[in-house]
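**Student:** From the sequence below, what's the structure:
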Amino acid sequence: MSKKRDLRIVQFDQCNHIALKYKNLLLNFNPDGFLTFTSSFEKLNFDERAVLFPDGTSRLVMHTRCQEIQLCFDHSEFQAMSEALQEAAVMLEVHQILSYQ
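**Tutor:** Just a heads-up that it's a prediction; the model follows:
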């Protein structure tokens, strides 16, 4: 569905689940969950939410449903994730439209 740098988003034919692999992180979604995640990500504004880390890099921290897990992106990682999620969401929509015909 999408491939950017260290990021891959794929949908499995047999179960329809969507896997998002980023470096050593693997997230698994059903189609509705993926669209919810994508919608939440699209609402984030890097410039408004980024914080300066001790290494001098600005990063955005995204909270997840699990309190103990947050995702952290520098600006280029955030851009790549945003583009990949948008591409994959469009591909999912196209796949759903073609499946109904």
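
**Student:** Could you pick out the longest helix of this structure?
**Tutor:** Taking DSSP state H as the criterion, the chain has its longest helix at helix 75-100.

**Student:** And the average pLDDT for that one is what?
**Tutor:** Mean pLDDT, helix 75-100: 90.

**Student:** for the helix or strand of the chain with the lowest mean pLDDT, packing partners?
**Tutor:** Each helix and strand of the chain was given a mean pLDDT (mean pLDDT, DSSP states H and E); the minimum falls on strand 2-4 at a mean of 87. Packing contacts for strand 2-4, counted by 3 or more CB pairs under 8 Å, 6 or more residues apart in numbering; DSSP states H and E, involve strand 7-11, helix 75-100. Just so you know, the C-beta spots here come from the backbone N, C-alpha and C atoms, and that holds for glycine as well.

**Student:** right, and those - which one's nearest Asp55?
**Tutor:** Proximity to Asp55 (CB to CB) singles out helix 75-100 among these, at 13.8 Å.

**Student:** what angle sits between that closest one and strand 7-11?
**Tutor:** 10 degrees (axes from the mean of the first three to the mean of the last three CA atoms, to 10 degrees).

**Student:** Now helix 75-100: buried residues?
**Tutor:** Using 16 or more other CB atoms under 10 Å as the test for burial, helix 75-100 gives 77-78, 80-82, 84-85, 88-89, 92.

**Student:** Retrieve the pLDDT associated with Asn30.
**Tutor:** 94.

**Student:** surely it meets Asn16?
**Tutor:** Yes. When contacts are counted by CB atoms under 8 Å, Asn30 is listed as touching Asn16 (7.1 Å).

**Student:** Next, show the common contact partners of the two.
**Tutor:** Counting by CB atoms under 8 Å, 6 or more residues apart in numbering, no residue touches both Asn30 and Asn16.

**Student:** With only the CA atoms kept, save stretch 85-101 in PDB.
**Tutor:** Output of stretch 85-101 as PDB, limited to C-alpha atoms (Å, rounded to 0.1, in the frame of the first residue of the first chain):
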ATOM      1  CA  LEU A  85      -0.600   7.000   5.700                       C
ATOM      2  CA  GLN A  86      -2.300   9.200   3.100                       C
ATOM      3  CA  GLU A  87      -1.200   6.900   0.300                       C
ATOM      4  CA  ALA A  88      -2.300   3.800   2.100                       C
ATOM      5  CA  ALA A  89      -5.700   5.300   3.000                       C
ATOM      6  CA  VAL A  90      -6.300   6.100  -0.600                       C
ATOM      7  CA  MET A  91      -5.300   2.600  -1.600                       C
ATOM      8  CA  LEU A  92      -7.600   1.100   1.000                       C
ATOM      9  CA  GLU A  93     -10.400   3.200  -0.300                       C
ATOM     10  CA  VAL A  94      -9.800   2.100  -3.900                       C
ATOM     11  CA  HIS A  95      -9.600  -1.500  -2.800                       C
ATOM     12  CA  GLN A  96     -12.900  -1.200  -0.900                       C
ATOM     13  CA  ILE A  97     -14.600   0.500  -3.900                       C
ATOM     14  CA  LEU A  98     -13.400  -2.300  -6.300                       C
ATOM     15  CA  SER A  99     -14.400  -5.000  -3.800                       C
ATOM     16  CA  TYR A 100     -18.000  -3.700  -3.800                       C
ATOM     17  CA  GLN A 101     -18.400  -3.900  -7.600                       C
END
